[in-house]
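J.: quick one, fold the following:
(2 chains)
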Amino acid sequence: NAGVTQTPKFQVLKTGQSMTLQCAQDMNHNSMYWYRQDPGMGLRLIYYSASEGTTDKGEVPNGYNVSRLNKREFSLRLESAAPSQTSVYFCASKLDPYNEQFFGPGTRLTVL
Amino acid sequence: ELKVEQNPLFLSMQEGKNYTIYCNYSTTSDRLYWYRQDPGKSLESLFVLLSNGAVKQEGRLMASLDTKARLSTLHITAAVHDLSATYFCAVATNFGNEKLTFGTGTRLTIIP
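T.: Residues are numbered from 1 along each chain as shown, chains lettered A, B, ... in the order given. Next up is the predicted model:
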């Protein structure tokens, strides 16, 4: 099993550009999550999907959109990137309420 | 709004010593997770604590949960250099549509 995979690993954008971060898991997990990690602030939840076909806002959803394409894939889109969105983005998945979330390797995004 | 506070934020300790990291949270929850993160890497699950009084141990690390005090501890016994990392606690809310709120992390450095 590859676990949780994310693409790309690194990305540099100019202000106003758009991009989609891809996440896929092969563990047949029901729930998927997107977080951002900024220095000194821990991880903050952007959006999550408790099951295929549902998505909910997390703590910091402004400027982002998500799509749960199927059970395996959960993408995060930045429509008009801003320097404040410079961060490391982690995708995670979880089987059920009794197990932990498993994290992908992260995407390091810089917005100039 | 759920607040999760870890202390200390930074901890430098000598090999062979014992220490405890504390995780306090502000709302009712009986599910708490501990993660480890090495520099530039993703998060690795350490412990899943699912009830009041839960205690888990793995090697030199032991985690416990007191839901009445809204407190979890991560105890390090006879620290070794390999334990140098950042440790996060994360508190779960909304059973069935779970969200995690992370603490800001404790950066642990073990000095030979």
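
J.: for the rest of this, base every contact and every neighbour count on C-alpha atoms.
T.: OK.

J.: show me the contact partners of the helix or strand hosting B:L100.
T.: B:L100 belongs to strand B:99-102 when assigned by DSSP states H and E. Contacts with strand B:99-102, where a contact means CA atoms under 8 Å, 6 or more residues apart in numbering or on different chains, come from A:42-45, A:48, A:58, B:2-4, B:88-93.

J.: which of those lies closest to B:G105?
T.: Using CA to CA, B:F88 is the member of the contacts of strand B:99-102 that lies nearest B:G105, at 4.5 Å.

J.: enumerate every residue touching the closest one.
T.: Going by CA under 8 Å, 6+ apart, B:F88 touches A:G42, B:Q6, B:W34, B:Y35, B:R36, B:Q37, B:F102, B:G103, B:T104, B:G105, B:T106.

J.: with B:S26 instead?
T.: Contacts of B:S26 (CA under 8 Å, 6+ apart): B:L2, B:K3, B:V4, B:R70.

J.: out of these, which is most surrounded?
T.: Of all these, B:V4 has the most neighbours under the rule other CA atoms under 10 Å in any protein chain shown, reaching 20 neighbours.

J.: wait, doesn't A:G40 sit right on B:T104?
T.: Yes. Here A:G40 lies in contact with B:T104, judged by CA atoms under 8 Å, at a distance of 6.3 Å.

J.: out of these two, which sits in the busier spot?
T.: Taking other CA under 10 Å, A:G40 and B:T104 do not tie; B:T104 has more neighbours (25 against 11).

J.: any idea how many residues pack against the closest residue to that one other than its chain neighbours?
T.: Distance criterion CA to CA, 6 or more residues apart in numbering or on different chains; nearest residue to B:T104, sequence neighbours excluded, is A:G42 at 4.2 Å. By other CA under 10 Å, 18 other residues sit near A:G42.
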